[in-house]
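Quick one: sequence plus predicted model below, questions after.
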Amino acid sequence: MSLRKKVIISACLLGRACRYDGKSKPALHVSEYYKSYDIIPFCPEEPVLGTPRERISVVKMADDALHVITDSSNRDITKHLKFEILSFLKEHNDVKEAVLKSKSPSCGFKSTPILNIKKEQIAIGNGIAAQIFSDRGLHVKSELEVD
């Protein structure tokens, strides 16, 4: 058992090709900054939708609830993603910090486009995982906030 601090980092930032387009978005400064930590890669979309996959968006529905909807097929995958995220957190309940991919519908922290039902941007907010992590007391930031 490691005594080092732990951090959750979006897997795409670590170079894993798990984004919707089958690519990654490596942010070498993030892994360098956290090199003394135990790094736990995280991608809630990949287990739910596979890679590559249809793009998804955060959509504010008529009842003001935020849902994650696939862009082309209009499937609501909110429950599936929540299950994946909560299962991940249950497995890693001792982690206090996360670095998540900015603008992502699942991981974006204070940077995710929020759309209306016509798919028009109406706000900027959190992706579903960023919101759940934040609500659970994790210190969340994007790769843009890592020095």
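Good, I have the coordinates. Predicted, not measured: the structure shown is a model, and the values here were computed from it.

And stretch 134-144, end to end?
Start to finish, the residues bounding stretch 134-144 are 17 Å apart (Cα to Cα, to the nearest Å).

ok, now stretch 5-15?
For stretch 5-15, the end-to-end distance is 21 Å (Cα to Cα).

buried stuff in it?
6-14 (16 or more other Cβ atoms under 10 Å). Every residue, glycine included, has its C-beta placed from N, CA and C.

Run through who's touching it.
Applying Cβ atoms under 8 Å, 6 or more residues apart in numbering, the contact partners of stretch 5-15 are 18-19, 23-27, 30-31, 34, 36-43, 46, 92, 94-101, 104, 107, 133, 138, 143.

residues touching the residue nearest the centre of the chain, list them.
Nearest to the geometric centre of the chain sits Cys107, at 2.0 Å (Cα atoms, centre = their mean). By Cβ under 8 Å, 6+ apart, Cys107 lies in contact with 10, 42, 44, 100-101, 127, 129-130.

Same check on Lys119?
57, 59, 71 are the contacts of Lys119 under Cβ under 8 Å, 6+ apart.

What is the neighbour count of the second one?
Spelled out, it's Val59. Under the neighbour criterion other Cβ atoms under 10 Å, Val59 is assigned a count of 23.

Just confirm it is within a strand.
Yes - under DSSP: H, G, I helix; E, B strand; the rest coil, Val59 sits within a strand.

quick one on the thing from earlier: now the two most distant members of the buried residues of stretch 5-15.
Lys6 and Cys12 (18.9 Å; Cβ to Cβ).

Where do the helices of this protein begin and end?
Using DSSP state H, the helices found in the chain span residues 28-33, 45-49, 78-91, 128-135.
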